[in-house]
Each structure stands twice: as C-alpha cells, then as structure tokens.
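Undergrad: Need a 3D model of the sequence below.
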Amino acid sequence: MKKMQALKRRIQTIKHIVKWVVIIYLLTYIVCLPFRESKKGADETSYTLLQAYVESGLLETAPMRHKTYSNGEVFLLIMVPSAVSNFEQRDAIRRTWGNVSTIKPTVLLKFVLGKSKDTVHQSLAETENSIHNDILFEEILETYENLSQKSIALLRWASANCNGVKYLLKIDDDMFLNLPRLLNELNAHPKTNTISGCIVSGASPFRFAFSKWKISRSEYKNDYYPDYIAGTAYLISGDIISNLHRATQNVPYFIFEDVYITGLCRKHIGAVALENKGFNCGYRNRGPCGNNFRYQITGHHYTPREIQRMWLELQDRWSNCRLVDHYFFYKLVDLFKYMFL
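TA: Numbering: from 1, shown residues only. Model prediction:
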C-alpha cells in the first residue's frame, strides 16, 4: 500500500512539473513573438531600401571591374565566402574588422558570392556591390554541396589578381576577427609553406546512412582524413596560393571544403598544417564580448549585432564584459534563443 501511494505521489509530481514546463514554454514563446516579428521586419526594411535603389536607376547594378594588384602591394588578403542573402553579416563586417581602408601594411577585403535562385536577393547584392565594390560574383549555385567550389574560386582569384600577396585569410561571415592582433603576429612571426588555424587530427568520415555528413567509400575510401584546418577560418601563406589552386585541378573534388583545401590539396603540395592557438573555431566557445578576444584572433558564430558591439568593446581597453556575457549565462541565453527565437 505504501509503495502504491509513493508511486502515485511521484506520478502527480511529474504531472505538475510537465504542466509548468509547458506553461512556461508557451508564455515565453508568446513574449518572444514580437521580437521574432520585429527582426523579420528589420530584414524586410533593409531589402526594401536596397530594392528602391535598384528601381530608381541611380546605381549601376552590373558587376564592377576589380583591380589587379601588383607584386607585394597587398600584405593580407581577407576573403569571406558569404551567401547572397547575408546582407547584414557583410554590413557588420564592413563596419568593424573589415574596415581596412586605412590599415598598414595593406589589407584587402573581398566577399565571395555565388548565384541565388532568388532573383530579388541577387539584384540587391549587385546593388550592394555598386556601393562598395568588394564582392566577387561566381557562377556557383548557393548550396552546401558547392562550398568547396567557392574556396577554389577564391584561390583562383587570389592567384590571378593578387600577385605577391603575403597571406590569404579565408574566414566565414559569422566570425569575429581581432585583425590588429593577427597583423602583429604575422609581422612578428612570418609564416611560409603553411595553412594555419584550428587543426583537426584523426577525424574519420561518417559512414552512417542517415547522417547529413555521410561519406561513402566511393567518395572517400580511407578510414581517416589527413590533418586539416577547420574551415571557419584559416590562414594560407602567400607562397603556396598558386600551388594550392593548381592542386584543386588534380585532386578529386570533395564536398567538405576544409578537408578538401586544407587537408587533401595541402597534403598534395607538401605544405604544413599548423595549429594557431589564437584561432577559436568551436561554436561560440567564448562569450560575445570584445574583451574575451583581446588575446585571441578569431571567434566562431556571432550575430551581426554582436560583432559590432564586440568590436567597439575591443577598441576600449577599459571595457568589461557584461554579466550576461559570462560563460554560464550566455550559454543559457543561447539555449533560450535557440528554443524560442
């Protein structure tokens, strides 16, 4: 009898917990709904503004010619693969670490875009380039499977148009970059015959049939990948850019661009994969605060708004991180956003 009563009490307690979890979930979803709508509205406003430029005829939307840079004219070439629709990410980069017009030694920023099936977004991106002239359009359909093609394209452009560049940084458009620290490191510790960043060793292909990242034996026969650098950001020394591009014409194409470029093609030309502790490639493994990156070079997966705030914080040597940016709290906030926003 006592066991039955204890069991009933446990069941009743579980029911109460489930009920309150559901109530809290629904209330939080309702409270967050206006923020979802306001963000959507902000995106639509930016698209509408650019669309007005297109329709006004005040801007030429045809692809613009890009300058060819002579031997040694560019020290660091930053190339950012970006989806056509990622207007906010590109704008945030231009306002922060990508504002390179006055930096010495010379740093050059280029975005690499493919082709979108959405003709409105494509027109808006062409208008964007009419304003900034920093976008390279490639005849590559914007799909996950074509990411390696984008990396091949940026290597091709760098080889053909940026002769004698000292370094090429490939970095995703959701990354935070402490550019001054990277430049200081490159000046103090020059690198040759290397691709550096977050090294991945001993990784093996997923063979599970239903995995998004499944690789069959016919696609890759070996049990392990060669050492490679995580694709969120990696630095290529300028002396191997042309050789690395030529390798893509000889090494069979592979869907995962970091494994392909920094693993298979790098190994093909005999270059070295080098670990750089300043590169943080884990998913938001530091809070969105500029002070967290004072002694780091990159951080992965931050929103355009976070990147702009973090950059301002990084410029202020007296800035302190907010309480919400400390590890435990921002992880809770990220979980909250994932569930409700």
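
Undergrad: how close does residue 127 sit to residue 163?
TA: Relative to residue 163, residue 127 is positioned 30 Å away (criterion: Cβ to Cβ, to the nearest Å). For the C-beta atoms, the positions are set from N, CA and C on the backbone; glycine is no exception.

Undergrad: Settle it for me: which of the two has more neighbours?
TA: residue 127 (22 against 17; other Cβ atoms under 10 Å).

Undergrad: now the more buried one, what's its secondary structure?
TA: Three states are possible here, and by DSSP: H, G, I helix; E, B strand; the rest coil the one that applies to residue 127 is helix.

Undergrad: quick one, strands of the stretch 201-341 of the chain?
TA: With DSSP state E, counting those that start in this stretch, the ranges of strands along the stretch 201-341 of the chain come out as 228-237, 272-275, 279-283, 298-300.

Undergrad: try the stretch 51-200 of the chain
TA: The residue ranges that make up the strands of the stretch 51-200 of the chain, judged by DSSP E, counting those that start in this stretch, are 76-81, 107-115, 135-141, 167-171, 175-177, 194-200.

Undergrad: Off-centre distance for the shortest one?
TA: Relative to the centre of its chain, strand 175-177 is centred 8 Å away, using Cα atoms, centre = their mean, to the nearest Å.

Undergrad: who touches stretch 204-224?
TA: Counting by Cβ atoms under 8 Å, 6 or more residues apart in numbering, the neighbours of stretch 204-224 from elsewhere in the structure are 202-203, 225, 254-256.

Undergrad: For the residues you listed, could you give me JSON lines that also reports pLDDT, distance to residue 68 and neighbour count?
TA: Below are the contacts of stretch 204-224 laid out as JSON lines (pLDDT from 0 to 100; distance: Cβ to Cβ, whole Å; neighbours: other Cβ atoms under 10 Å):
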{"residue": "202", "pLDDT": "95", "distance to residue 68": "41", "neighbour count": "7"}
{"residue": "203", "pLDDT": "94", "distance to residue 68": "38", "neighbour count": "14"}
{"residue": "225", "pLDDT": "97", "distance to residue 68": "35", "neighbour count": "22"}
{"residue": "254", "pLDDT": "96", "distance to residue 68": "30", "neighbour count": "18"}
{"residue": "255", "pLDDT": "94", "distance to residue 68": "32", "neighbour count": "15"}
{"residue": "256", "pLDDT": "95", "distance to residue 68": "31", "neighbour count": "20"}
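
Undergrad: Can you name the two of these that sit furthest apart?
TA: Distance extremes for the contacts of stretch 204-224: the farthest pair is 202 and 255 at 19.9 Å, using Cβ to Cβ.

Undergrad: Now for the nearest residue to residue 198 once chain neighbours are set aside: which residues touch it?
TA: Closest residue in space to residue 198, ignoring its immediate chain neighbours: residue 281 at 3.7 Å, by Cβ to Cβ, 6 or more residues apart in numbering. Residue 281 sits next to 197-198, 230, 232-233, 298, 300 when contact means Cβ under 8 Å, 6+ apart.

Undergrad: Closest one of those to residue 170?
TA: For residue 170, the nearest member of the contacts of residue 281 is residue 233. The distance, counting by Cβ to Cβ, is 7.0 Å.

Undergrad: Quick check, residue 154 in contact with residue 169.
TA: No: taking contact to mean Cβ atoms under 8 Å, the distance of 10.5 Å between residue 154 and residue 169 leaves them out of contact.

Undergrad: Overlap in contacts, these two.
TA: Shared contacts of residue 154 and residue 169, counting by Cβ under 8 Å, 6+ apart, come down to residue 79.

Undergrad: how close does residue 273 sit to residue 226?
TA: Distance, residue 273 to residue 226, using Cβ to Cβ: 8 Å.

Undergrad: Compare those two and say which is more crowded by neighbours.
TA: Neighbours were counted for residue 273 and for residue 226 using other Cβ under 10 Å; residue 273 has more, 20 against 17.

Undergrad: Please parse the chain into its domains.
TA: By the assignment in automatic domain parsing, the chain contains the domains 1-57, 76-279.
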